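*Asks:* pasting the sequence and the predicted coordinates here, then a few questions.
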Amino acid sequence: MYTRSLWFRGRRPPNTFSSYALVRTGLWSKQEFLQDLSQQITELESRPAEEWQSAESPAWMRGWKNTRSTTNPSVAFLITRRAQVLGFLLDIVLRDRTENQRSLDDLLRAMNADFAREGKFYRDSLDIRLEAEKLTGGSLFGFSSTIM
């Protein structure tokens, strides 16, 4: 299924949560978590495509399709890494805007309640942004414009 919100769908938010789980269970210290996140960002920024492709770029979609058929590890790495970093950044924005009262956990629960449980599909990053804005009570256009 074609989607421009591949950065959010599938395994991506759980990748973000898997890192959180390592900290929450005490397997990683906060320092180890931050060191891993720093490494992810550094690796991502070292890729040339980072300069000219948005997270919703159709080129990402072609790359994802190719990873499924040709197992292109470079493209798979880039998509997964970028999605995971965006998940962390979205969580930070949600927490910042709500004085740590809302998080990515809450966004996923809201998306589940308003879409999955209702048997509806969401409109890519637009509905992700709108759901996040409901949680924060303000615009997240600045964040979403970095994705699109």
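*Replies:* Thanks, I have it.

*Asks:* and the helices in the protein?
*Replies:* 12-24, 30-45, 58-70, 73-97, 104-111, 124-136, 141-147 (DSSP state H).

*Asks:* now the second one: mean pLDDT?
*Replies:* The average of the pLDDT scores along helix 30-45 is 89.

*Asks:* same deal with the longest one?
*Replies:* The pLDDT scores in helix 73-97 average 78.

*Asks:* then the third one?
*Replies:* For helix 58-70, the mean pLDDT works out to 48.

*Asks:* can you put the helices of the chain in TSV and add mean neighbour count and distance to R117?
*Replies:* Every residue, glycine included, has its C-beta placed from N, CA and C. Shown next, in TSV, are those (neighbours: other CB atoms under 10 Å; distance: least, CB to CB, whole Å):
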stretch	mean neighbour count	distance to R117
helix 12-24	16	17
helix 30-45	13	31
helix 58-70	14	27
helix 73-97	18	21
helix 104-111	18	10
helix 124-136	18	13
helix 141-147	14	24
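
*Asks:* now for the ones you listed, which one comes closest to E118?
*Replies:* helix 104-111 (10.6 Å; CB to CB).
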